[in-house]
Structures are given as structure tokens and as C-alpha cells.
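Asks: Sharing a model prediction with you, sequence too.
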Amino acid sequence: MPKDHGIGAPQKRREDVRFLTGTGKYTDDINVYGQTYCVFVRSDVAHGRIISIDTAEAEAMPGVVRIFTGKDFEDVGGVPCGWLVTDRNGEPMKEPRHPVLAQGKVRHVGDPYAAVVADTLQEARDAAEAIVADIEELDAAVNMKAALEPGAPRVHDDLSDNLCYDWLFGSDQDAIDKAFSEAAHVTTLELVNNRLVANPMEPRVALGEYARANDESTLYTTSQNPHVIRLLMGAFVLGIPEHKLRVVAPDVGGGFGTKIFHYAEEAFVTFASRKINRPVKWTSTRSEAFMSDAHGRDHVSKIELALDGDNNFIGLRTDTYANMGAYLSTFASCTPTWLHGTLMAGNYKTPAVQVNVKAVFTNTVPVDAYRGAGRPEATYQLERVVDKAARELGVDPIALRRQNFITEFPYATPVAVEYDTGDYGATMDKLEEMIDRPGFAARREESKARGMLRGLGVNCYIEACGIAPSNLVGQLGARAGLYDAATVRVNATGSISVMVGAHSHGQGHETAFPQVVAEMLGIDESMIDIVHGDTSRIPFGMGTYGSRSLAVCGSAMVRATEKIINKAKKIAGHLLEASDADIELKDGQFTVAGTDKSVAWGDVTLAAYVPHNYPLEDIEPGLEETAFYDPSNFTYPSGAYACEVELDPETGRVTIERFAAADDFGNVINPMIVTGQVHGGIAQGVGQALMESCIYDEDGQLISASYMDYAMPRAEDMPFFQVDHSCVTPCTHNPLGVKGCGEAGAIGSPPAVVNAVLDALNSGGHSVDHIDMPVSPHRVWQAMQG
Amino acid sequence: MYSFDIETPKTVADAVAALGKEEAQPLGGGQTLIPSLKARLAMPSVLVSLAQIDEIKGITEDAGVLTIGGGTTHGEVARGAASYPALAALAGNIGDPAVRNRGTIGGSIANNDPAACYPAAALASRATIVTNTREIAIDDYFQGMFTTALEETEIVTAVKLPIPEKAAYMKFEQPASRFALVGVFVAKYADGVRVAVTGASEEGVFRWADAEAALSGDFSASALDGLSVPADGMITDLHGSGAYRAHLVAVLAKRAVAAAA
């Protein structure tokens, strides 16, 4: 019988009551007295020189409060990048200025060059249309490889070219050369990791409010990490000290990475509200989201796998072009390097691995982390080339993987990370059990009888969550620490508020985090609430991204709760006239070991706040503790995924018939929430594999700029997923033994889908060894035409 | 959206009068027009909503002819056109429930989106378009994408569809919009077969004459073996080339015949 309380209980998400009854409070639900509305005027060309911007007519229009252009931002900072990557030559990456509103040039479709603030949204839109801008259109750099050619249009005139950095990492050249020169077989694959638009259900919103009397600014914003926004915007852009700047991220309707970053619109509304001394609100339209939210992925890679005569992997090298877009978004530089190159060994004991990444500026929307961030790109390359090698060598793709699995831990990879624990054979065993592999041949025959081709694709993945420790990432170029923090505030009656640095925007923290504290204290979860999303209420934590919340912030919460327990035992010892070393806490009762003398949790918490009978000379009243936790390593979730597709050879349409995921997430706090996270991740991975694609034409126009052309997956496109997370190798270095589950589905699923499609095609006599994502019906049909 | 006035006439006569105002535009179910307004791609001064005109709603059948009021929603057709199952099925697969509960057959026929489903049904079903002023034979009605024989103040009050002996519609969805990348409607009557294709051509919905001739002699999928439409003039976009669309026309026509036979 499953537990119904504490760690491991599949409790229903308490936050869903408000989300499902329409009582969530999102940023756009916040309206303040005197509020104005802001509309950005955005470039409709990919690259252009701003000759003039005439705002005279617009300024005279009804309701217009003020119109801003890039000139207004000459004295403030640019939007910063959070990670300095060092080039293979030891040079720092090129870091062009990213003004809040464009100055001199516009650099992508959607780049804002003016903004209207007016009494109503309608008036702001009307005035925005009356602004007359003379923008001389320039040739655009769109294709990454072309953008690096001599004479290509330069996105930034003050840079010598469009290369942000050329990064080389992993085994030394001699080791790589030796592996490839001794190889019995080399498999090579060139592929594209398609550019995606995150499309959270809630578009971005920012509301800036200024209290002139005490010189305080508040920014309400759709963010995954309000403290990070306060730090970046306050310190680097607007020069507002922390104690005069509050950032609130209330309910947020999905982030997927794209709401990590500090955006120009946030800085704008904060700045403008101070200039006009009125609140300024901006709500993104869906069309704006397509051209201003940071996009994801967009890598072009060549990967080569060297095998010896016994099919052991002996060398791996990859060369990737990574699109940065027109400006460096907050984590744009680190995603294709430290979150991608470090995972390139995958689940395999390949002794020599080398990764090269060329990051390229183009006249497109900035590209940054999107669910998985670098790890899906690494997994996709690796698991596609391994499958291709199996096909070329005529060996079973699962057997080839098993043969090369890392089996001993800890394991130091050639790409700098040390996997603390894992059992890749166990998740593959579980996967094979789930997918009824022996029955596949019969299913294929059944499909064939209906004129359909059936394919089975598998892959493994490893990912790294909870990026840390801070001193190491600092050496690697991170411009912030990567710890997190939690404050456990026990109230007089024993109820608890836990203030956390992590932010919940779909992850279910409000349910899962109390389960941990409840388990530790032996009290009911209903006595515990989580507080998040407001810098004035929570300790300085780094927010939620990279599947870090439980592993990092949860660990801080455990440490703070341990401090609470220690202090509570001292109080209980005083009340029970016993030594605190003899006090045991169980089921919310403090008992003197070996006796029936006890006091309840509520008696102790009341004593802490009404300290009439209390050891005031030894301990302070009150019961509130804070802990900061800086992990000693990443965590390394891993797993094995399988996809079974049916392919209609007449139309090219692919449908997913079965999908199985066997994951090792370490210990699991709430298995129902974990299952939901995996479902969502797979849906996004399948979306990338089959449907989603952000397309620019050669002039830099965004072609897939709405849901008429950008294909979002829907429920009917998904099968019922088989999800298992019973294979558990607990993380060895955090107190909960947890690893993180938020991104796994998106990392692990695309190669399984594409491998399955290729299996189906080849089984039908179509010799196709590569097809790029998204594997649309048209692409499949074209591949079948040869 | 720009601001506009809205009129909600209760009769066709009042609607026609309202449409006489300067820069007035009729509003059916709004499934195309409202998104255009929100994107500020249209700026009518007056919107004349047809949603409250009861006389253009409902489905009746007389002597083998189904008459569907122009203001009848897709959802109502899906539920109420039981005597013409292929048409009911088509209506039940347009968009999603929200679209089907607002969008109307009259609006769809008047808009003539080149990827819409209803134009294929109307063209294959030898429909007659009834307006406030006249009746228009379907072969005279569609005049290229987003273009029809309708005059400025003309309202589609009903669509008359002779019920065929056999019929089926096959839609291959464009992955993003879920409109028809290609849709083929096949209808068999006692005196011949009609095959109408939507989604594929740069000229909008069209009849595939070769297929009609072949099927009129032998209403079986194999009768279409070897037949194809030329890729020239087919739409090429992000979701498929003209050659792919031409290929799908033949595939879907066969499937429609197989489903109808």
C-alpha cells in the first residue's frame, strides 16, 4: 500500500485547486492604481540601420503619456549575459551591448526600437502605429555557416565578425587522433537540432511600479527566478540597489526555460515607471512572444563515433554551430558549452571525447535554454550516431549500448564531470520489460497487413541537474553562485511557512516540498505552506531551472528543518527536564528516550514564542531557521526510452503507438508529480521530434510566427505513456538522494522517436540513414522519394 | 483591435440594411474575422453580426435535398445532418469544439479559405448557395482563394445540398493549423460522381475532372490507379511542396472512394 503522507506519497497537487478553478493570480491579473499600458514598436526587418524615429505625431495623440526610444537608455546598462565562456584561444567570448531599446541598428525581427506608454492599451497601440521610423534595411546574417564567411553581414558593427566564441573541450588532440586512427569503424552523422519556440501557455508580462516617496521600485514579472532578475536588472541595467527593488513572480503559467532570462521589457517597465512616476504594464501578445521570447536549441552538428573491432566505443568528436541570435541572452553562452559538451560522453565509457562549439551571432531572436538546455542537443547527437553505428555494423542497437555502458561509479568522464551513481543496465532491463520487445515482430506484421510500416527506436540518456558547485562554476565563467536557500518559519501554534528560493510554475513545489518537511517532523502536510516568488518574502535563492529545485533548494530546506529540529529538541528537553540528547522526535511528539514522558510539537512551538517556561539564558526565543545549500556536484538522472511508431508510406504521416520511459531519478518525493513531469517532458520532446519548427527565411523574416504555421503538439498526438521510475540509485551527495526529473522527458525522447522512424523506413525497404527533425509527413515522404 | 460599432439585427432585411453603412462588414461565427481584428488586419467601422438571425439557422430536408441555414454552426451540422453522414463527419472535424460552436457554414462558404473543408463539400455536392437576393449554382460560386460570386451586401442565407448516394471526405491535416493540407470530397450521384479538392491549389477549391470521369464509370478506388493531378499550380509552403500536395490528392481521393463505397 503506498504511503499517503510524507516522502513517497502520491499526493494530489494542492495548487491545482486554484489553477483548475480559475483563481490563480498571474502577473496580468495584477493591476495597480494609476497604471499605464506599454506597447513596443518592433522591427519588421531582420537587420536595419535606424536613420530616424519620428514620434511627434504619436506624442500628440490621446492618452499618450510618454514615448521612449533607444536614446532614453544611453545612460543605463545593457541587458547582461550571465556566463562568460572562454574561447579555445583563451580569449573571452565577444559580448556585444544589448540595449533595452535598439540603438543605431535593429538586429532581428521583433527587436524593439520604441515604446509608447499611454493611459489605455488601445491608445498605446494607436500611437505606436503613428510612429514613423526610417530604417534602412541591411543584408541579414541568418544561416550560421554563411554568417561566419568572410564578408558576411555583421550583426554587431563593433565586432570583427559574427563568431561569439570557438570553444574546444574534452580529451586532448592526441588522444582523439589516436582513437580515430586506430578505429575499425567510424560512423559519421550530420544533423540539425531544430529551433523551437517555448510557447508557455501564459505569455510574458511585466508591470513596473515606483513609490517615489521612498524611492522603491517593484517589478511584477513572469519569471522562474525573481532574485536573479532583481540582481541582473538592479545591478547591471538600472543601478537600483537590492533594498530599493522588489521583484515578484506570482503564479507563472509555464516557463520551460524561456522565463529564466532577464528581458529588456522588464527593465523597460521598471525604468519607465520611475520616469513617469506611474505604474507601467506590458502584456505580450502571442505574436510578440514568437519574436521576443528567447528561442531554444538551433544547433547544426557533425558527430563522429569511432569503434574498435569489437564494437567498443573508443572515440567521439563533435563539431557544433550554436545559434546565439542577435544578442546574448542570460544563459545563451553556457547552454551549448557547459550544459552540452559536459554531457557528450552520455552513458558510455568512451575514453576519448572532444567537443567543439562555434557560437554564432545571427539576425534572429536570441536563443537560450529551453527544457533540457544543451543536454537534449548532446543526447540527440549521441543517441542518433550510436543507432546509426548499430545499423551500419548490423548489430542490435540495445546490445551495442549495453556493451558500452559505464558500469562502475563514481565515473569521471573525459568531459570533466564525475557521475556519482547510476545503473544504466537496470533502466534498460526495465525498459525491455515495459516494451514487450519479443512481441514487436508480430505488431510489425499486423501493421504491414494494413499497409503501414512499424518501427521501434530506443535510446539512453544521462543528464546533469542542479548545476554546481559555485566555486567550480565560477571558474567556468558563471557570474553568479548556484546555491539555493530556504527559511523554515515555525509559528506559535506549530504551523509552518517555508520560504524558498525555488519558484514553482508547474513543478508542484507547493505539494512536494511540504511532504519533505512533514516527513522530517512527523506532522501533517496541511500544517505547512510554501512561500515563493517574492524577493521581499524569500531568502536569496536562484530560482527554478535545470531540474534543480528539489536537489538544491530542497536540500537547503532539509538543512533548515534540521536546525529547527535541533532547537526544538533543546526546548523539549527543557520542558521535559531531560537532556536534549535524549529527546526523540517521532510523529510530532518529543519523547525522552526510553520513557513515556513526552510533549507535543505544538507545545514546543508555543513555548518558543511564549517563553514563560523557557531556557532564555541558553537559547533565543522563536523558531525560525535559514539554510543555504551549495551542492558539491551535479546530480545525474539517467534512463532508457523507447518509442514505437507507425508510418503511413502513402502520406508519410508518423503516429506514435507506444512510448516507454524508464528513468532513474534517485529517490522520489511525490511519484504522481514525477510521472506528470515526465509526461510533459515527453510531450515536448515528441513535439520537437515530429512537429515543432521555428523557421526563418533567407532575409531573416520569421515564417513560423503563429500557430497557423508553428505546429504545437496536442493531446491527440500523444499515446498513453508508460512511465517507470522504480530504478533508483540515490544521489550520493545531497541529503534527500534526489536527482531531478523536470527535463528528462524532453531530453530522452527525441532520439527514440527519430530512431523509430528510421527503423520503420528501413524495414519498409527505404534505405534512409538520416532524417532531420521535425519528422513531418512531408519530410518523410521526401525521404521515401530518395 | 480597432474600435468599431456592432449591430445585431434579428432579420436578414435588417442585416442587409446595416451592411449598407460605410465600411460595414458582416460577422458570421467570427472564427476568421475576429483573429484578423485582434491582429489589426481589418478595420471595419461597423460589424454586422448575423448570429441573432433565427431565419438563417437550422437544417431541413426535402425531396433528398438538405438545406442548411447560413447561420448554422459546424457543431449543429455535425449533430443534425444525420441524413448526410459524410457532411456531418466533415463538420465534426473542423477545428476544435470552440470553433465548431461558433463557426458557421455560411461564414465558411463566404470566406472561401483555400484550406477550408466546407467548400469541398459544397462543390462535390452540387450545392446551391442561397443569398438574400438570389440562388447561385456552386460551379459559378467559387472564384479563386478568398473570392466568391457574392456581392458586397449579399448574405449567404442557406446552402442547399442534394444528398448523394455515397460520399466521403478525407482530410490530411496541416500539422500546425489543422486546416486541410489537402482535403478531398467524393460524392456519387445516380448520374455521376463529383470530386472536389481543397487545401491544395493556388486557385482554391477545384474539381478533379479526370477522377470524376473515371469514377463515374467505375466507383472504386482502383479506378483512380495511375491518375494524378499536376504539381503545377499546387501550393508550396512550410508544410508541403506542390508535388507532395499533388501526391496527396491522389492518395486521399482513393481513400475517400474506399470509405464511401
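Replies: Cool, got the structure.

Asks: which residues touch residue 165?
Replies: Defaulting to chain A. A:Val85, A:Thr86, A:Asp87, A:Glu91, A:Met93, A:Lys94, A:Ser333, A:Val357, A:Lys358, A:Ala359 (C-beta atoms under 8 Å, 6 or more residues apart in numbering or on different chains). For glycine as for every other residue, the C-beta is placed from the backbone atoms N, C-alpha and C.

Asks: not quite, I wanted chain B
Replies: B:Lys188, B:Tyr189, B:Ala190.

Asks: So which residues on the stretch 51-200 of chain A come close to chain B?
Replies: A:Gln122, A:Arg125, A:Glu129 (C-beta under 8 Å from any C-beta of the partner chain).

Asks: hang on, B:Pro26 in a helix?
Replies: No: looking at B:Pro26 with DSSP: H, G, I helix; E, B strand; the rest coil, it is strand, so not inside a helix.

Asks: Just give the closest residue to it, not the sequence neighbours.
Replies: B:Val48 (5.1 Å; C-beta to C-beta, 6 or more residues apart in numbering or on different chains).

Asks: Quick one: mean pLDDT over stretch A:336-347.
Replies: Averaged over stretch A:336-347, pLDDT sits at 97.

Asks: Revised request: answer the last question for stretch A:628-646.
Replies: On average, stretch A:628-646 scores 97.

Asks: Can you show me the CA trace of it as PDB?
Replies: Taking C-alpha atoms only, stretch A:628-646 is exported to PDB below (Å, rounded to 0.1, in the frame of the first residue of the first chain):
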ATOM      1  CA  PHE A 628      21.900  28.000   2.200                       C
ATOM      2  CA  TYR A 629      22.900  24.900   0.300                       C
ATOM      3  CA  ASP A 630      25.600  24.700  -2.300                       C
ATOM      4  CA  PRO A 631      25.800  21.200  -3.900                       C
ATOM      5  CA  SER A 632      29.200  19.500  -4.200                       C
ATOM      6  CA  ASN A 633      28.300  18.200  -7.700                       C
ATOM      7  CA  PHE A 634      25.600  18.000 -10.300                       C
ATOM      8  CA  THR A 635      23.100  15.200 -10.000                       C
ATOM      9  CA  TYR A 636      22.900  12.700 -12.800                       C
ATOM     10  CA  PRO A 637      19.500  11.300 -13.600                       C
ATOM     11  CA  SER A 638      19.500   8.700 -16.400                       C
ATOM     12  CA  GLY A 639      17.200   6.400 -18.200                       C
ATOM     13  CA  ALA A 640      16.300   4.400 -21.200                       C
ATOM     14  CA  TYR A 641      13.400   5.400 -23.600                       C
ATOM     15  CA  ALA A 642      11.600   3.500 -26.300                       C
ATOM     16  CA  CYS A 643       9.200   4.700 -29.000                       C
ATOM     17  CA  GLU A 644       7.200   2.600 -31.400                       C
ATOM     18  CA  VAL A 645       5.800   4.400 -34.400                       C
ATOM     19  CA  GLU A 646       3.500   3.500 -37.300                       C
END
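
Asks: Same question for it: list its buried residues.
Replies: Buried residues in stretch A:628-646, counted by 16 or more other C-beta atoms under 10 Å in any protein chain shown: A:628-631, A:633-646.

Asks: Just the buried residues out of the contacts of A:Tyr165, in ChimeraX syntax.
Replies: Command for ChimeraX, covering only those of the contacts of A:Tyr165 found buried under the criterion 16+ other C-beta under 10 Å:
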select /A:85,87,93,94,333,357,358,359
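
Asks: can you list the contacts of A:Tyr165 in JSON lines and add secondary structure, pLDDT and distance to A:Val757?
Replies: Shown next, in JSON lines, are the contacts of A:Tyr165 (DSSP: H, G, I helix; E, B strand; the rest coil; pLDDT from 0 to 100; distance: C-beta to C-beta, whole Å):
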{"residue": "A:Val85", "secondary structure": "coil", "pLDDT": "97", "distance to A:Val757": "34"}
{"residue": "A:Thr86", "secondary structure": "strand", "pLDDT": "96", "distance to A:Val757": "39"}
{"residue": "A:Asp87", "secondary structure": "coil", "pLDDT": "95", "distance to A:Val757": "37"}
{"residue": "A:Glu91", "secondary structure": "coil", "pLDDT": "96", "distance to A:Val757": "42"}
{"residue": "A:Met93", "secondary structure": "coil", "pLDDT": "98", "distance to A:Val757": "37"}
{"residue": "A:Lys94", "secondary structure": "coil", "pLDDT": "98", "distance to A:Val757": "39"}
{"residue": "A:Ser333", "secondary structure": "coil", "pLDDT": "97", "distance to A:Val757": "33"}
{"residue": "A:Val357", "secondary structure": "strand", "pLDDT": "98", "distance to A:Val757": "27"}
{"residue": "A:Lys358", "secondary structure": "strand", "pLDDT": "98", "distance to A:Val757": "29"}
{"residue": "A:Ala359", "secondary structure": "strand", "pLDDT": "98", "distance to A:Val757": "30"}
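
Asks: Can you tell me which of the contacts of A:Tyr165 is closest to A:Gln507?
Replies: Nearest to A:Gln507 among the contacts of A:Tyr165, counting by C-beta to C-beta, is A:Ser333 at 25.7 Å.

Asks: from memory the closest one sits against A:Asp87, does it?
Replies: No: in this structure, A:Ser333 is not within contact of A:Asp87 by C-beta atoms under 8 Å, at 10.9 Å.

Asks: chain center to the host helix or strand of B:Ala15, what's the gap?
Replies: Secondary structure from DSSP states H and E places B:Ala15 in helix B:12-19. The chain centre lies 24 Å from the centre of helix B:12-19; the measure is C-alpha atoms, centre = their mean, to the nearest Å.

Asks: List the buried residues for that helix?
Replies: Applying a neighbour-count criterion of 16+ other C-beta under 10 Å, one finds B:Val12, B:Ala15, B:Val16, B:Ala18, B:Leu19 buried in helix B:12-19.

Asks: Looking at the residues you listed, which one is closest to chain A?
Replies: Distance to chain A, by C-beta to the nearest C-beta, is smallest for B:Ala18 among the buried residues of helix B:12-19, at 24.0 Å.

Asks: Which neighbouring elements make contact with the lowest-mean-pLDDT helix or strand in chain A?
Replies: Least confident helix or strand, chain A: helix A:470-476 with a mean of 90, by mean pLDDT, DSSP states H and E. Helices and strands touching helix A:470-476, as assessed by 3 or more C-beta pairs under 8 Å, 6 or more residues apart in numbering or on different chains; DSSP states H and E, are absent.
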